[in-house]
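> quick one: sequence and predicted model below, then my questions.
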Amino acid sequence: METIMIVDDEKNYPLILSAILEEEGFESLTANSGREALDILKQSDVDLVLTDMKMPSMDGIELLEHIKTADPELPVIMMTAHGSVDKAVEAMQKGAYSYVLKPFENERLVLYVNKAIAMYRVVKENRRLRDAVESQYSFGNIIGKSKAMQDVFEIIRKVAPANATVLIEGESGTGKELVAKSIHFNGPRRDKPFVAVNCSALAESLLESELFGHEKGAFTGAIAMKKGRFELANGGTLFLDEIGELSPNLQIKLLRVLQEKVFERVGGVKPVAVDIRIIAATNKTLKDEMQEGRFREDLFYRLNVVHIVLPPLKQRLADIRPLVDHFLKKYAGENNSAKPLTGINQEVERLFHDYNWPGNVRELENVIERAMVLCQDNQITVEGLPKEFKNSVYNTLHIEGIPADAKLDETLAMIEKKMLQRALKLTDNVQSKAAELLGVGKSGLNWKIKKFKLDTSPKH
């Protein structure tokens, strides 16, 4: 139910209007002066202000100016006598939604109120959606407590408010688009479009039209003019994923847009100007591609103003557990799971840390989602892991990698030492937890630590 504030210095008038509007299903607040109205606005959520124009101390125009400073989108309807139409026009120029002339018919007032309220519902829904998007791509929702990811967050914080071009490099599945969206939605262009295009998904001819648009009749099937991604992103951010796959011809055209901020549609001759921020991403190392002659040097330096390298998951093992917890929570909500999953058991955690994760975070998310469907307990166990994953992780432990002349005692001691080092690392050198993880007693663990002369000093 929406709330309307009625402001009029005549004591009874707000009460009369309040009764009319409450019959229409609205809640109402009343004030007899502009100052009183402003005090109420500081403490209450209001969807519409209905104010008289002529009031002592603070008139309707001044009240309107205060309201629009605090919330430019809150609708205000002015009530005025016939002799003050000029003032009403001034109010409209300063942002009033509309005005009604006294005396007015109740039906006419209700009509104006309903239109203003309907407009403000759309405004609030847009705010809600924008806030949801910004929350989704805020730094806090990119999961990572490792030093490598904290370094990435620091770069995002610094580059988001700027307008510099950003190049993101990293293996597939490391979250390059998520970082690009975080930069956009935490920057000054957050209210403008974020447009993404995968440069490897289309053939060169189709990609050129997709990027720059085309004029009617530019080629067979071009039955109408079409705007490309550059125009659709005007004012906002264009995310060029897999930029390393661009053909030499499109590299030249992209370089021109970066330099001159203009381009022509396919089949067109009229320059189209755009104001966009470019964020590019690739799973290749563009510097190597440049040195091999597959990527233009001038374009590389245009894109590489700010460079972000996303580490693969195998280099940020400290992030596995928080990522697992995040995906458990995410898919429990999406699948309306009746059985609460409390996490993963120790054997699964060991497998997750042993695995190479060629698909990175995306692969981990897929494994967790599938395991949540397959597992029968309140924890993810090895039995609940997808068969393909278990085959992959066990196949990474190749006995053929051990030299044929290796001595059994030496090999077992080497494996034992590595397992001890890993358990201590996973538990931040808390020996009781490491013993539990390995399934040994505390005294036995202590003896082995001394045997291998392992460093167990606290890590900071």
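Now that the structure is in, tell me what you want to look at. Numbers count the residues shown, from 1 in each chain.

> for the stretch 301-450 of the chain, which segments count as strands?
306-309, 343-344, 379-380 (DSSP state E, counting those that start in this stretch).

> and the last one, what does it pack against?
Right, strand 379-380. Counting contacts by 3 or more Cβ pairs under 8 Å, 6 or more residues apart in numbering; DSSP states H and E, strand 379-380 packs against strand 343-344, helix 360-374. Every C-beta, even on glycine, is put in place using the N, C-alpha and C of the backbone.

> can you put the ones you listed in CSV and add mean pLDDT, mean neighbour count and distance to residue 273?
Shown next, in CSV, are the helices and strands packed on strand 379-380 (pLDDT from 0 to 100; neighbours: other Cβ atoms under 10 Å; distance: least, Cβ to Cβ, whole Å):
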stretch, mean pLDDT, mean neighbour count, distance to residue 273
strand 343-344, 86, 19, 53
helix 360-374, 90, 19, 37
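
> residue 437 is nearest to which of the ones you listed?
Nearest to residue 437, of all these, is strand 343-344, at 12.4 Å by Cβ to Cβ.

> residue contacts, the closest residue to residue 234 other than its chain neighbours?
Using Cβ to Cβ, 6 or more residues apart in numbering and skipping residues adjacent in sequence, the residue nearest residue 234 is residue 274, 4.9 Å away. By Cβ atoms under 8 Å, 6 or more residues apart in numbering, the contact set of residue 274 is 230-231, 233-234, 257, 261-263.

> contact partners of the host helix or strand of residue 42?
For residue 42, the element it lies in under DSSP states H and E is helix 34-43. With Cβ under 8 Å, 6+ apart as the test, helix 34-43 has contacts from 5, 7, 29, 31, 46, 49, 51, 55, 57-60, 62-63, 66-67, 70.

> got the buried residues for that helix?
Residues 34, 37-38, 40-41 are the ones in helix 34-43 that count as buried (16 or more other Cβ atoms under 10 Å).

> contact partners for residue 164?
By Cβ under 8 Å, 6+ apart, the contact set of residue 164 is 305-306.

> sorry, wrong one. I was asking about residue 240.
Contacts of residue 240 (Cβ under 8 Å, 6+ apart): 197, 199, 254, 278-281.

> repeat that with 6 Å
199, 280 (Cβ atoms under 6 Å, 6 or more residues apart in numbering).

> ok, now residue 231?
residue 213.

> hang on, it in a helix?
Yes: with DSSP: H, G, I helix; E, B strand; the rest coil as the criterion, residue 231 is part of a helix.

> ok, it to residue 270 distance?
For residue 231, the distance to residue 270 equals 12 Å [Cβ to Cβ, to the nearest Å].

> same deal with residue 290?
33 Å.

> in terms of neighbours, single out the busier of those two.
Higher neighbour count among residue 290 and residue 270: residue 290, with 18 against 8, using other Cβ atoms under 10 Å.

> the more buried one against residue 297, yeah?
Yes: assessed by Cβ atoms under 6 Å, residue 290 is found in contact with residue 297 at 5.3 Å.

> look up phi and psi at residue 282.
Backbone torsions of residue 282, given as degrees, to the nearest 10, read phi -160, psi 150.

> and it, what does it touch?
Contacts of residue 282 by Cβ under 6 Å, 6+ apart are 169, 242-244.

> if we go to 10 Å?
167-170, 176, 199-200, 240-246, 289, 295, 303 (Cβ atoms under 10 Å, 6 or more residues apart in numbering).

> tell me which of the residues you listed fall in helices.
Among these, the ones falling in helices (DSSP state H) are 176, 289, 303.

> including pLDDT, distance to residue 206 and neighbour count, could those go into a markdown table?
Below are these laid out as a markdown table (pLDDT from 0 to 100; distance: Cβ to Cβ, whole Å; neighbours: other Cβ atoms under 10 Å):
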| residue | pLDDT | distance to residue 206 | neighbour count |
| --- | --- | --- | --- |
| 176 | 96 | 23 | 23 |
| 289 | 95 | 22 | 16 |
| 303 | 96 | 22 | 26 |
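
> pick the one among those residues closest to residue 432.
For the ones in helices among the contacts of residue 282, the nearest to residue 432 is residue 176 (39.6 Å; Cβ to Cβ).

> run a quick neighbour tally on the residue lying closest to that closest one once chain neighbours are set aside.
In space, and not counting its chain neighbours, residue 176 is closest to residue 281: 4.0 Å by Cβ to Cβ, 6+ apart. Per other Cβ under 10 Å, the neighbour tally for residue 281 reads 26.
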